[in-house]
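K.L.:
pasting a predicted model and its sequence here:
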Amino acid sequence: MNQDALSGMVRLTLAFFLIALVVELTGAALLMTRLIPLYGPARGVWQSLFTSVSAFCNAGFDLMGSYRSLTGYTGDWLVNLVIIALIALGGVGFSVLLRLGKRRLNLHARLVLMATPVLLLGGGILITLLEYDNPATMGTLSAGEKWLAGLFQSATLRTAGFNTIDQFGQRETTKLLGVLLMLVGGAPAGTAGGLKITTLMVLFLTVRQFLRGRSETTAFGRTLPQETVRRSLCIVALG
């Protein structure tokens, strides 16, 4: 849970539970507008709830079977954006979500919120450009659907596991990019896996300071402990 002490852990756990409940039910309600007309009331509600929970938990269970996942919704903006939002909210971590309503963000939240859009949008742009004319994935889609599919692919590679394009048909360069995005994953105290965004950011800031001739790693006017830098280097090396 990204905490240094056990005090207040019960209250914190309850807050995490309530955040998950509200986010997952909201996502499910939005998905029901698409899935209930398609599958009927009973199965539509079940599919919506299960998909919302697995998206927020970065689990990505495929209810359709045969590796289809969400390939039937490649051009559906509502389904795509809801799933992307659920994946991203789960990936940034509960401690960051708790901080969003406060006036001042701590260093951890700032680093996560700075890096997340860069990885999400940057990955989406690169994936779209790499697969833009690939007939096995995006070649037959409209321009808008291609950018939507690229953004979704970038989000889901952060350990979520869904897909709206054929994974087997991707080019080798796209798969390599996918490996790198999966390696990074999400933020600490979140539902995604990987080396974590903050680990990557600490190393990036360390390299930047080294190139500037400075011995200490700083971010937003604060100096990071050397233990944090060493831990990040060790995690990346092991990863």
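P.N.:
Arrived safely.
K.L.:
Val79 touches Met32, doesn't it?
P.N.:
No - checked against C-beta atoms under 8 Å, the pair Val79 and Met32 is beyond contact range at 11.1 Å. From N, CA and C alone the C-beta is placed, and that goes for glycine too.
K.L.:
between the two, which has more neighbouring residues?
P.N.:
When Val79 and Met32 are compared for neighbours, Val79 comes out ahead with 21 against 18, by other C-beta atoms under 10 Å.
K.L.:
which residues touch the one helix or strand Val236 maps to?
P.N.:
Applying DSSP states H and E as the criterion places Val236 in helix 226-238. Contacts to helix 226-238, defined as C-beta atoms under 8 Å, 6 or more residues apart in numbering, come from residues Leu195, Lys196, Thr198, Thr199, Leu200, Val202, Leu203, Thr206, Thr217.
K.L.:
please tell me I have it right and the first one contacts Met201.
P.N.:
No - counting by C-beta under 8 Å, Leu195 sits too far from Met201 to count as a contact (10.8 Å).
K.L.:
quick one, which of these two is more surrounded?
P.N.:
Comparing Leu195 with Met201 by other C-beta under 10 Å, the one with more neighbours is Met201, at 22 against 18.
K.L.:
count the residues that sit near the nearest residue to the more buried one once chain neighbours are set aside.
P.N.:
Once flanking residues are discounted, Met201 sits nearest to Leu111: 4.6 Å by C-beta to C-beta, 6 or more residues apart in numbering. Residues contacting Leu111 under the criterion other C-beta under 10 Å number 23.
K.L.:
shouldn't Leu111 be within a helix?
P.N.:
Yes - according to DSSP: H, G, I helix; E, B strand; the rest coil, Leu111 belongs to a helix.
K.L.:
per-residue pLDDT, it?
P.N.:
Looking at Leu111, its pLDDT stands at 93.
K.L.:
contacts only, for it.
P.N.:
Neighbouring residues of Leu111 by C-beta under 8 Å, 6+ apart: Ile197, Thr198, Met201, Ala219.
K.L.:
by neighbours, which of those residues wins?
P.N.:
Ile197 (29 neighbours).
K.L.:
that one and Leu181, how far apart?
P.N.:
Counting by C-beta to C-beta, to the nearest Å, the separation of Ile197 from Leu181 is 11 Å.
K.L.:
give me the common contacts of these two.
P.N.:
Joint contacts of Ile197 and Leu181 (C-beta under 8 Å, 6+ apart) are Leu119.
K.L.:
Gly93 contacts Ala189, doesn't it?
P.N.:
Yes - counting by C-beta under 8 Å, Gly93 touches Ala189, with 4.1 Å between them.
K.L.:
now do the buried residues in the helix holding Val236.
P.N.:
Val229, Ser232, Val236 (16 or more other C-beta atoms under 10 Å).
K.L.:
what's the closest of these to Trp147?
P.N.:
Trp147 has its nearest neighbour among those in Val236, at 30.8 Å by C-beta to C-beta.
K.L.:
so which of the contacts of Leu111 belong to strands?
P.N.:
When DSSP state E is applied, the contacts of Leu111 are split such that Ala219 fall in strands.
K.L.:
show me which of the contacts of Leu111 is closest to Ala55.
P.N.:
The closest of the contacts of Leu111, once distances to Ala55 are taken by C-beta to C-beta, is Ile197, at 18.5 Å.
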